[in-house]
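J.: Have a look; sequence and predicted model below, questions after that.
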Amino acid sequence: MAQPPILSWEGLSLQQGGRWLFGGPQPGEGAEPIDLHILPGDRLALIGRNGAGKTTLLKLIEDRIEADRGQRRVKPGTRIVFLEQEPDFSVFDTLMDFALADNGSGEHAPAAHEVEAIAGQLGIDMSTDAATASGGERRRAAIARALAQDPDLLMLDEPTNHLDLSAIDWLEDWLKRYKGAFITISHDRTFLKRLTRATLWLDRGTLRRKEVGFGGYEAWEEQVYAEEARAAERMDAKLKIEAHWLERGVTARRKRNQGRLEKLHQMRAARAAMISDSGSAKLKLANDEEFKSKSVIVAEDISKTYDGRAVIKPFTLRIQNGDRIGIVGANGAGKTTLLKLLTKEIEPDTGTISHARTLTGVMIDQQRKLLEPGASVRDILAEGGDWIDVRGTRKHVQAYLKDFLFDPKIVDTKVGILSGGERSRLLLAREFARTANLLVLDEPTNDLDLETLDLLQEVIADFDGTVLIVSHDRDFLDKTVTVTLGLDGTGRVDIVPGGYEDWEAKRRKPVVGKTKASRAEPAQKPAATKPKSSDKLSYKDQRDYELLPARIEELEAAIAKGETILADPDLFTKDPKRFANISKGLENARREKDAAEERWLELAEQVEG
């Protein structure tokens with residue numbers, strides 16, 4: 001028997017900035033009011049374009065802001081906790097002061113020992129001065145505060161922003177074991193695919209729900225848009241068709257990106273042929289002179305030491321025009337140092353760095369200066385005029401806004417009215433217009449929605465020059481870079497052809513003579529090869545250790561099949577019984593898969609020990 005919702009909003013309407021964000025003053029005026037039901041154990045991805053109202057919806061769920069119309073019902077005793085994207089630390093002396101404060105929103109401050117326990121696992125010192133703490137330290141402190149409250153409903157707004165890969169892995173592992181319900185807004189596709197089981201899609205004031213995780217979202221989205229386009233064409237509603245230029249552009253962009261991904265794979269294969277097998281971290285061509293003539297950045301035996309610690313150990317790297325270089329590693333591993341070395345912002349302790357004479361760069365870093373709130377979009381892009389110079393080509397500012405997924409009508413809108421994600425997108429639009437052949441991106445995906453990330457991937461793929469990217473977004477790196485520079489914190493720089501997954505595969509590759517089960521990736525699938533036998537295990541444990549990898553693969557295939565079937569938007573209407581049966585089967589398969597993975601990892605640790 002289905003359990004009742006722990007929280008519901010019925011007939012929700014909200015006006016913001018002079019427009020109805022959700023619903024309207026009366027039914028039938030504007031978008032229909034929103035109905036939302038959150039069930040026990042829900043794992044929901046909240047998807048929507050920047051400015052669609054995703055964060056606002058979470059605040060309404062928490063009851064932090066008041067709706068214009070609608071009724072909110074909460075199951076008595078339900079503890080709701082909201083992990084904000086940018087919590088206010090300004091009035092607190094230390095991170096612990098922040099964590100233990102009553103924020104006035106109805107949340108109960110957690111116990112200090114609970115905060116310390118989680119903070120210890122996240123590797124954050126809660127006595128750190130809040131005013132000088134980094135973005136990563138603040139994010140970990142906010143996570144410690146939220147999780148320590150043991151919520152029944154946890155709301156996460158861009159939880160992976162400012163986190164390094166190890167912290168993201170830890171959070172994913174925690175959420176896999178979490179028994180409550182959660183809703184998350186995130187641009188991190190890998191995070192969403194691994195954790196979510198249903199999707200809430202906020203689109204033009206309408207909220208849709210689909211019982212598929214994020215892995216099935218894009219197919220569902222395209223089905224909905226295709227159906228709307230067909231309906232508009234049948235009605236011969238030209239104005240309505242024009243209103244869908246953005247949606248059609250998104251669909252077309254994804255199709256074009258298939259060709260770009262194929263090109264990316266070809267570039268990676270070519271780059272793999274240039275990487276030395278000797279481990280000397282050199283990129284070379286069969287004709288080394290030809291390689292040198294095409295190089296735009298050459299680092300010869302460079303190193304950097306701070307306070308006696310080797311942050312970058314000696315290595316050599318030659319970067320060609322057109323390379324897309326990804327830099328990954330934990331916070332403090334030396335990513336920013338390496339980026340500054342390669343761009344000659346700082347000098348190496350040993351070795352030399354040289355740039356091609358024609359190299360000119362544009363830097364977009366994670367500490368983006370706020371755009372002047374009182375300036376208009378036209379001021380930012382075209383200095384108040386109608387035309388903008390886009391890498392040497394003159395273009396009308398409203399046409400250029402379309403290229404970056406903006407409605408051209410916002411050209412005279414003040415920056416202060418835009419959402420945080422829209423401001424980030426506007427900054428990207430301005431910077432990408434500049435003439436340059438080196439693009440440097442430091443955590444470029446923060447605050448961007450999924451469609452803007454698609455656009456960013458397209459712009460990078462079409463960029464004629466060289467790109468250096470520091471990012472913790474695994475999916476973004478896998479779809480963008482040709483070579484990954486991986487830093488493990490010891491000062492060593494691994495150079496791997498391909499993206500993040502290729503680097504991870506190299507790290508997981510066992511050293512000759514040793515076997516080790518890695519917990520670096522909580523959702524990591526066990527190897528399909530027969531595991532090594534061990535006298536540490538009982539007969540039953542040994543059988544589980546050997547058979548579970550194949551069972552996990554079977555469950556993954558069943559889950560993928562079920563999600564594909566449920567992606568049919570008409571299934572519930574046509575055959576509600578089949579829909580219910582498949583949904584129940586998916587829930588059981590996911591539960592069994594989670595248990596199987598946990599069991600296998602426990603057994604692997606025994607073998608390892």
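T.: Sure thing, it's come through.

J.: Which residue lies nearest the spatial centre of this protein?
T.: Among the residues of the chain, the one closest to the centroid is residue 188, at 1.5 Å (C-alpha atoms, centre = their mean).

J.: Summarise which helices and strands the longest helix seen in the chain is packed against.
T.: Scanning the chain for the helix with the most residues, using DSSP state H, yields helix 576-608. Packing contacts for helix 576-608, counted by 3 or more C-beta pairs under 8 Å, 6 or more residues apart in numbering; DSSP states H and E, involve helix 539-566, helix 571-574. C-beta here means a position set from N, CA and C on the backbone, and glycine is covered the same way.

J.: got CSV for those helices, with distance to residue 55 and mean pLDDT too?
T.: Shown next, in CSV, are the helices and strands packed on helix 576-608 (distance: least, C-beta to C-beta, whole Å; pLDDT from 0 to 100):
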stretch, distance to residue 55, mean pLDDT
helix 539-566, 27, 80
helix 571-574, 29, 72
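
J.: Same list as before, those that is, but in TSV and with mean neighbour count and distance to residue 218 included.
T.: Output for these, formatted as TSV (neighbours: other C-beta atoms under 10 Å; distance: least, C-beta to C-beta, whole Å):
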stretch	mean neighbour count	distance to residue 218
helix 539-566	16	12
helix 571-574	12	17
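
J.: Who are the contact partners of residue 474?
T.: When contacts are counted by C-beta atoms under 8 Å, 6 or more residues apart in numbering, residue 474 touches 165, 188, 190, 499, 500, 501.

J.: let's see it at 10 Å
T.: 160, 165, 168, 188-191, 328, 499-501, 503-504, 521 (C-beta atoms under 10 Å, 6 or more residues apart in numbering).

J.: what does residue 353 give?
T.: Contact analysis of residue 353 by C-beta under 10 Å, 6+ apart lists 297, 298, 299, 300, 302, 317, 341, 342, 343, 344, 346, 347.

J.: just the buried members of the residues you listed?
T.: Listed as buried from the contacts of residue 353 are 297, 298, 299, 300, 302, 317, 341, 342, 343; burial here means 16 or more other C-beta atoms under 10 Å.

J.: What is the nearest of the residues you listed to residue 546?
T.: Among those, residue 317 lies closest to residue 546 (C-beta to C-beta), at 42.6 Å.

J.: if we can go back for a sec, farthest pair within the buried ones among the contacts of residue 353?
T.: 300 and 343 (16.0 Å).

J.: hey, where'd the helices end up in the stretch 51-200 of the chain?
T.: Assigned by DSSP state H, counting those that start in this stretch, the stretch 51-200 of the chain shows helices spanning 54-62, 95-100, 112-122, 135-148, 165-177, 189-195.

J.: In TSV: those, plus distance to residue 400, mean neighbour count and mean pLDDT.
T.: Listed next are the helices of the stretch 51-200 of the chain as TSV, based on distance: least, C-beta to C-beta, whole Å; neighbours: other C-beta atoms under 10 Å; pLDDT from 0 to 100:
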stretch	distance to residue 400	mean neighbour count	mean pLDDT
helix 54-62	26	21	93
helix 95-100	41	21	94
helix 112-122	42	17	92
helix 135-148	30	23	93
helix 165-177	34	18	92
helix 189-195	27	22	93
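
J.: could I get those as TSV with distance to residue 457?
T.: Shown next, in TSV, are the helices of the stretch 51-200 of the chain (distance: least, C-beta to C-beta, whole Å):
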stretch	distance to residue 457
helix 54-62	21
helix 95-100	35
helix 112-122	30
helix 135-148	24
helix 165-177	20
helix 189-195	11
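
J.: Kindly state which of those is positioned closest to residue 600.
T.: helix 165-177 (13.7 Å).

J.: May I have the closest one exported as PDB, CA atoms only?
T.: Output in PDB follows, covering the C-alpha atoms of helix 165-177 (Å, rounded to 0.1, in the frame of the first residue of the first chain):
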ATOM      1  CA  LEU A 165      36.200  15.000  -5.900                       C
ATOM      2  CA  SER A 166      36.800  13.200  -2.600                       C
ATOM      3  CA  ALA A 167      34.100  15.300  -0.800                       C
ATOM      4  CA  ILE A 168      31.600  14.700  -3.700                       C
ATOM      5  CA  ASP A 169      32.300  10.900  -3.400                       C
ATOM      6  CA  TRP A 170      31.700  11.100   0.400                       C
ATOM      7  CA  LEU A 171      28.400  13.000  -0.100                       C
ATOM      8  CA  GLU A 172      27.200  10.600  -2.700                       C
ATOM      9  CA  ASP A 173      28.000   7.600  -0.400                       C
ATOM     10  CA  TRP A 174      26.100   9.300   2.500                       C
ATOM     11  CA  LEU A 175      23.000  10.000   0.400                       C
ATOM     12  CA  LYS A 176      23.000   6.400  -0.800                       C
ATOM     13  CA  ARG A 177      22.600   5.300   2.800                       C
END
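
J.: What angle do helix 135-148 and it make with each other?
T.: With axes from the mean of the first three to the mean of the last three C-alpha atoms, to 10 degrees applied, the angle from helix 165-177 to helix 135-148 works out at 10 degrees.

J.: which secondary structure elements does helix 165-177 contact?
T.: helix 112-122, helix 135-148, strand 153-157, helix 189-195, strand 324-329, helix 500-508, helix 576-608 (3 or more C-beta pairs under 10 Å, 6 or more residues apart in numbering; DSSP states H and E).

J.: For residue 491, give me its contacts.
T.: Residue 491 touches 303, 304, 305, 309, 310, 311, 312, 313, 314, 315, 333, 334, counting by C-beta under 10 Å, 6+ apart.

J.: Is residue 342 in contact with residue 468, as I believe?
T.: Yes: between residue 342 and residue 468 a contact is recorded at 6.3 Å, counting by C-beta atoms under 10 Å.

J.: list the residues that contact both of these two?
T.: Shared contacts of residue 342 and residue 468 (C-beta under 10 Å, 6+ apart): 297, 319, 325, 327, 438, 440, 485.

J.: Where in the chain is the helix or strand with the lowest mean pLDDT?
T.: Counting by mean pLDDT, DSSP states H and E, the chain has its least confident helix or strand at helix 238-242, which shows a mean of 44.
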